[in-house]
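Sequence and predicted model, in that order:
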Amino acid sequence: MATADLLVDLQDDLVSDDASNVLGQLKLSPMDDKSWPLENEDDEDLKSDKVCTPEDVEPPPNLKWDDPFYDIARRQIVEVAGDDNYGRKVIVFNACRMPPIHQLDHTKLLQYLKHTLDKYVESDYSVVYFHYGLTSQNKPSFAWLLEAYREFDRKYKKNIKALYIVHPTRFIKALLVVFKPIISMKFGRKILYMNHLGELEQFLKCDRMVIPACVKKFDETIRAAQKPAPSVQKKQLPHQQFGVDLSRLRANDPEKRAIPLVVEETVNYIKKHGLNKEGIFRRSANISLVREVLDKYNNGIPVDFTVYGDVHLAAVILKTFLRELPEPLLTYDLYDQVVSFGKVPVMNQAETVAMMIRTLPEVNCVVLQYLLGLLRLVADNSEQNKMTPSNLALVFGPTLMWAKDAAISLSAINPINYFAQSLLENYSRIFSASSEETVMS
């Protein structure tokens, strides 16, 4: 279908007396039956596309002025925000940071988006699109949108597991009607609509994302206009395994084991069945099975991974355990040192890492060494599983470290991944040095 035809169809959809019926025919996801805000709400505060000044942010500290994508990257329209609740990398697109169309090279924006995704498309990943702030001034043309969709070929679509559209409007839904002829049913099911951040929280941790201030403010306005839902206080279960501090887990364990039960059982299963599995730690697992296993562990019910027969399930559970820790395994105290680790001369890096590891609480150090022992075995079999130290670092960097008050943005994720890779590559030197120091002390 030609672009001109698409534009005509969109105009027809928006002005037709039967527009609601047309919109109702679009069944792209299980969350289709939501109330879709209008672009012309009477309440000025509830207009998600009202005229607003694009949010201005400071360029990422590690961004160099001669970077070929400097003008795009400095605006932080596209960011990497760690993992979602199912172990998938999260790429964020902020519409509110797009400047007026005459100030942005949209061709280069598309190139930068692909450049960012290229680092993650071999793994399962998700995309979050914050629609608030897209206005008539900064809205890209339909021709560009059509080109963008076509540019993202199977390489990009096969491993995307979810596209979360946050604060959608009927314009978004009408746009999807227009694109329906070229959107496959399989891809359409991956599109999920989030009317507010509370709904998004079911799928990922919003407090670890750098959500634009104007998006948060708009979300508060939406929530204030709704009938408040009764607050439900989560109670920790007697056998709770996820979201519990490592020291408390050990104290509550009748066997006082040094390695938490979840870590021990998932690592052992992966050692037996996953070392030669291509894409181990890159693939997600069936969501319902993930929830089932989480519930079993938290309720003290024994888990037998051989029953499920999916090593990716064990890998996801292991990553989920680490991400659910109240504090990252590498601790908040090491955050600044980890992010600035790239400045350490290569010849001194192993010694520096060993010194950093010695400052960790004993229980953290033991679990870290145990985990890295598994990852070294995986890396040793990289010819079969395709998981080199750099690939493993890409997966585990944000799982081992995240910021206390904000998400791992694109400016911090690369240094964190670099540190994770150094942990793997210098494993023997780091922990032998650590052990020697422990004996001497």
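Right, received. Where do you want to start?

only C-alpha atoms for contact and neighbour calcs from this point on.
Noted.

Provide the partner residues of residue 130 in its beta bridges.
As for beta bridges, residue 130 partners with residue 94, residue 166 under DSSP bridges.

Could you measure from it over to residue 219?
11 Å (Cα to Cα, to the nearest Å).

which residues do these two both contact?
By Cα atoms under 8 Å, 6 or more residues apart in numbering, residue 130 and residue 219 have these common neighbours: residue 167.

In three-state terms, label the most centrally placed residue in the chain for me.
When the chain is reduced to its mean C-alpha position, the nearest residue by Cα atoms, centre = their mean turns out to be residue 90, at 2.5 Å. Three-state call for residue 90 (DSSP: H, G, I helix; E, B strand; the rest coil): strand.

Can you point out the buried residues in the helix or strand containing residue 374?
According to DSSP states H and E, residue 374 maps onto helix 362-380. Buried residues in helix 362-380, counted by 16 or more other Cα atoms under 10 Å: 364-365, 367-371, 374-376, 378-380.

List of residues touching the following helix or strand past that helix?
Once helix 362-380 ends, the next helix or strand along the chain (criterion: DSSP H and E) is helix 382-385. Outside helix 382-385, the residues that touch it by Cα under 8 Å, 6+ apart are 275, 276, 277, 278, 279, 280, 378, 388.

How far off centre is helix 382-385?
Distance, stretch centre to chain centre, for helix 382-385: 25 Å (Cα atoms, centre = their mean, to the nearest Å).

Just the mean pLDDT for the next helix or strand after it, thanks.
Downstream of helix 382-385, the next assigned helix or strand under DSSP H and E is helix 389-400. The average pLDDT within helix 389-400 is 92.

likewise stretch 281-291?
Averaged across stretch 281-291, pLDDT comes to 90.

Can you give me the first-to-last residue distance of that stretch?
OK, stretch 281-291 end separation, Cα to Cα: 18 Å.

For that stretch, which outside residues touch it?
86-88, 122-124, 312-313, 315-317, 392, 395.

repeat for stretch 417-431
In contact with stretch 417-431 (Cα under 8 Å, 6+ apart) are residues 338-339, 341-342, 349-351, 353-354, 369, 372, 375-376, 389-390, 392-394, 396-398, 400.

how does it look with 7 Å?
Residues outside stretch 417-431 that contact it (Cα atoms under 7 Å, 6 or more residues apart in numbering): 338, 341, 350-351, 353-354, 372, 376, 389-390, 393-394, 397.

Quick check: can you list the domain ranges of this structure?
3-225, 246-440 (automatic domain parsing).

Tell me which of those lies nearest to residue 238.
Comparison of the domains of the chain against residue 238 by Cα to Cα identifies domain 246-440 as nearest, at 7.3 Å.

Could you give the average pLDDT over the helix or strand containing residue 429?
Using DSSP H and E, residue 429 sits in helix 427-440. In this model, helix 427-440 has an average pLDDT of 59.

Renumber starting at 38 from here on
New numbering, starting at 38: the last item is helix 464-477.

element containing residue 449?
Residue 449 belongs to helix 447-462, assigned by DSSP H and E.

Just the angle for that helix relative to helix 399-417, thanks.
80 degrees (axes from the mean of the first three to the mean of the last three Cα atoms, to 10 degrees).

Run a quick neighbour tally on residue 280.
17 (other Cα atoms under 10 Å).

what are the phi and psi angles of it?
phi 80, psi 20 (degrees, to the nearest 10).

Return the residues in contact with it.
361, 362, 363.

among those, which are in strands?
Residues of those located in strands (DSSP state E): none.

For my notes, please list those in TSV and give pLDDT and distance to residue 171 for each entry.
Output for these, formatted as TSV (pLDDT from 0 to 100; distance: Cα to Cα, whole Å):
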residue	pLDDT	distance to residue 171
361	92	33
362	95	36
363	93	35
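
hmm, which of those residues are the buried ones?
By 16+ other Cα under 10 Å, the contacts of residue 280 give 361, 362 as buried.

Nearest to residue 196 among the contacts of residue 280?
Nearest to residue 196 out of the contacts of residue 280 is residue 361 (Cα to Cα; 23.6 Å).

show me the contacts for that closest one.
279, 280.

quick one: it from residue 257, how far?
Counting by Cα to Cα - residue 361 and residue 257 are separated by 26 Å.

same check, this time on residue 170
In terms of Cα to Cα, residue 170 sits 15 Å off from residue 257.

cool, residue 457 as well?
Applying Cα to Cα, the value for residue 457 to residue 257 is 37 Å.

between these two, which one's more packed in?
Between residue 457 and residue 257, residue 457 has the larger neighbour count (other Cα under 10 Å), namely 25 against 14.

returning to what we had before: any idea of the mean pLDDT in the helix holding residue 411?
On average, helix 399-417 scores 96.

what angle separates that helix from helix 426-437?
Using the same axes, to 10 degrees, helix 399-417 lies at 150 degrees relative to helix 426-437.

Name the residues that touch helix 399-417?
For helix 399-417, contacts defined as Cα under 7 Å, 6+ apart pick out 283, 284, 295, 296, 304, 312, 366, 394, 424, 425, 426, 461.

Likewise for stretch 134-144?
Against stretch 134-144 from outside (Cα under 7 Å, 6+ apart): 91, 92, 93, 112, 114, 174, 175, 176, 177.

Dump the residues you listed into JSON lines; add secondary structure and pLDDT as well.
Below are those laid out as JSON lines (DSSP: H, G, I helix; E, B strand; the rest coil; pLDDT from 0 to 100):
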{"residue": "91", "secondary structure": "coil", "pLDDT": "66"}
{"residue": "92", "secondary structure": "coil", "pLDDT": "72"}
{"residue": "93", "secondary structure": "coil", "pLDDT": "72"}
{"residue": "112", "secondary structure": "coil", "pLDDT": "90"}
{"residue": "114", "secondary structure": "coil", "pLDDT": "92"}
{"residue": "174", "secondary structure": "coil", "pLDDT": "89"}
{"residue": "175", "secondary structure": "coil", "pLDDT": "90"}
{"residue": "176", "secondary structure": "coil", "pLDDT": "88"}
{"residue": "177", "secondary structure": "coil", "pLDDT": "89"}
